[in-house]
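K.L.:
The following block contains a protein sequence and its predicted model.
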Amino acid sequence: MHNYIENLHWRYATKKFNSEKQVSEDDLETLLEAIRLSASSYGLQPYEVLVIKDPEVRAKLKPAAFSQPQITDASYLLVFAYNTNVDEKYLDKFIKNNSETRNQPLEDFKDLNDMIQNSVMTFSDEQKEIWASRQVYIALGNLLSAAAELKIDVCPMEGFNPDEFDELLDLRSKNLKSVTLATIGYRHENDQLKDAKKVRKSKDKLFTRI
């Protein structure tokens with residue numbers, strides 16, 4: 001655990017990546033698995049992640065992210081997009097996946113189905129989108145921690161135009177809406193924050209013990 005905390009001190013939102021140093025496929029798969037295993041409300045995972053390596057695609061997206069260099073200089077660009085259509089069909093697939101994965105009959109998941117029917121399925125479309133977008137950030141947090149363990153840099157990014165990304169990536173046709181980005185790679189030696197001390201609230205300012 002001591003190493004884990006040290007690695008969290010090591011990580012920061014890298015702004016300048018070394019475009020010559022690439023994240024390996026094995027390490028990428030480890031990071032993607034960390035995202036996949038993230039907690040989510042009821043385990044519904046109401047989101048998908050686009051993993052973009054193609055330099056031409058990233059070059060097209062870059063202007064929609066205010067031309068920030070991370071978009072093209074990092075090894076990969078991840079686009080986190082929440083599902084805008086979490087409906088009965090989505091729930092049916094989720095329950096079926098539970099049944100098949102755990103090799104149990106569908107009837108065993110009636111209570112889970114009922115709980116979701118009486119909570120998420122009662123939300124308005126707006127409430128569902130707010131709920132789904134929040135789930136994305138749990139997965140993003142898992143990515144940041146896993147990457148720190150591997151000494152891989154990640155820059156989480158909200159500085160982009162979601163509507164333009166959605167259009168360029170044709171996300172609307174898939175009932176998806178982009179909500180945040182993450183660029184993955186290795187920090188450049190000239191990154192201005194590389195050796196900066198991490199600034200956070202003190203424990204007494206952040207935590208209240210009751």
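P.N.:
Thanks, I have the structure now. Residues are numbered from 1 along each chain as shown.

K.L.:
For Met115, give me its contacts.
P.N.:
Tyr42 (Cβ atoms under 8 Å, 6 or more residues apart in numbering). To be clear about C-beta, it is placed using only N, CA and C from the backbone, and glycine gets the same treatment.

K.L.:
Now find how far off-centre the helix or strand that contains it is within its chain.
P.N.:
Take DSSP states H and E as the rule and Met115 turns out to sit in helix 110-117. Remark: helix 110-117 is offset 26 Å from the chain centroid, using Cα atoms, centre = their mean, to the nearest Å.

K.L.:
Looking at this structure, which strand is longest?
P.N.:
strand 176-185 (DSSP state E).

K.L.:
which parts of stretch 94-104 are buried?
P.N.:
Phe94, Ile95, Asn98 (16 or more other Cβ atoms under 10 Å).

K.L.:
mind listing which of those residues are in helices?
P.N.:
The helices, defined by DSSP state H, take in Phe94, Ile95, Asn98 from the buried residues of stretch 94-104.

K.L.:
Same list, the buried residues of stretch 94-104, but as JSON lines with pLDDT and distance to Leu78 please.
P.N.:
Shown next, in JSON lines, are these (pLDDT from 0 to 100; distance: Cβ to Cβ, whole Å):
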{"residue": "Phe94", "pLDDT": "98", "distance to Leu78": "23"}
{"residue": "Ile95", "pLDDT": "98", "distance to Leu78": "28"}
{"residue": "Asn98", "pLDDT": "98", "distance to Leu78": "26"}
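
K.L.:
nearest to Gln70, of those residues?
P.N.:
Phe94 (33.7 Å; Cβ to Cβ).

K.L.:
which residue sits closest to the closest one in space, ignoring its chain neighbours?
P.N.:
Spatial nearest neighbour of Phe94, excluding adjacent residues (Cβ to Cβ, 6 or more residues apart in numbering): Leu44 at 5.9 Å.

K.L.:
Check Ala81 too.
P.N.:
The shortest distance from Ala81 to any non-neighbouring residue, by Cβ to Cβ, 6+ apart, is to Leu176 (3.9 Å).
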